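**Q** Quick one, structure for this:
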Amino acid sequence: MTNYGSIPTSSHPSPPIDLEYISRAKHRIKSGLATRRPWKTMFDLQSLNLPHGFSDAISRIKTNLVHFRANYAVVVLVILFLSLIYHPTSLLVLAVLAVFWIFLYFLRDEPLVVFRHQVDDRTVMICLSVLTVAMLLFTRATVNVLGAVGTGVVLVVVHAAVRRSDDLYLDEDAAAEREASGLTSYP
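**A** Numbers count the residues shown, from 1 in each chain. Sure, this is the predicted structure:
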């Protein structure tokens, strides 16, 4: 007996969506983005003023680069993305590299281990930055890449120099005290 008008169906049902996997990914994204400081804190107008001298500027830059490193990475990557809008190949390369950034820098819960050696966040960020710039230079958007990275670095250094750093760790201590006393509420 033949069934000419029937549509063949698979005998294997499609696998159900793993809700636990989605929940873990969502939690990991939230915790990964937790290393990023609030933008409101970063651009607090009351914390912006000119440094008192060269040594004060260098001290502020060092402190702010450590404190806002994830925010600064996002700023430079956004500037780089905007500079490559008219270079589709470069945008595709940047999209692939953004996946590397997301999983190797922003969403890691534990330290990265390579050949049984622990790699710190700063080394990961430097390696990803060099890889990003190198791969984008191969896409023949050299002027755009160098201009965007230069603009991003200048903006980051200027912000780090004019952002007062004496109030940064006070916020963390106050948050730790609130959490210890049970005053912190989670949505």
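
**Q** Residues in contact with the one helix or strand Gln118 maps to: which ones?
**A** Using DSSP states H and E, Gln118 falls within strand 117-119. Residues from elsewhere that reach strand 117-119, judged by CB atoms under 8 Å, 6 or more residues apart in numbering: Pro111, Leu112, Val113. Using the backbone N, CA and C atoms, a C-beta is placed for each residue, glycine as well.

**Q** For the helix or strand that it is followed by, list the C-alpha coordinates in CSV.
**A** Scanning forward in sequence from strand 117-119 by DSSP H and E, the next helix or strand is helix 121-137. This file holds the C-alpha atoms of helix 121-137, laid out as CSV (Å, rounded to 0.1, in the frame of the first residue of the first chain):
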residue,chain,number,x,y,z
ASP,A,121,42.3,38.9,33.3
ARG,A,122,44.8,41.5,32.3
THR,A,123,46.7,39.1,30.2
VAL,A,124,43.5,37.7,28.6
MET,A,125,42.4,41.3,27.7
ILE,A,126,45.8,42.2,26.2
CYS,A,127,45.9,39.0,24.1
LEU,A,128,42.3,39.5,22.9
SER,A,129,43.1,43.2,22.1
VAL,A,130,46.2,42.3,20.1
LEU,A,131,44.3,39.5,18.3
THR,A,132,41.4,41.8,17.5
VAL,A,133,43.6,44.5,16.0
ALA,A,134,45.8,42.0,14.1
MET,A,135,42.8,40.2,12.6
LEU,A,136,41.1,43.4,11.6
LEU,A,137,44.3,44.7,10.0
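
**Q** After helix 121-137, heading C-terminal, what element do we hit next?
**A** Heading C-terminal from helix 121-137 (DSSP H and E), you reach helix 142-162.

**Q** ok, the strand holding Gln118: who's next to it in the sheet?
**A** Take DSSP bridges as the rule and strand 117-119 pairs in its sheet with strand 112-114 (antiparallel).

**Q** Now do the strand it pairs with, average pLDDT.
**A** With pLDDT averaged residue by residue, strand 112-114 scores 82.

**Q** And for stretch 149-169?
**A** Here the average pLDDT along stretch 149-169 is 86.

**Q** And stretch 66-84, by the same measure?
**A** 87.

**Q** re the thing from before, and which of the contacts of strand 117-119 is nearest to Ser59?
**A** Minimum distance to Ser59 across these is 27.5 Å, recorded for Pro111 (CB to CB).

**Q** neighbours around the nearest residue to the closest one once chain neighbours are set aside, how many?
**A** Excluding the flanking residues, the one nearest Pro111 by CB to CB, 6 or more residues apart in numbering is Gln118, at 4.8 Å. Using other CB atoms under 10 Å, Gln118 is surrounded by 10 other residues.

**Q** No further questions, thank you.
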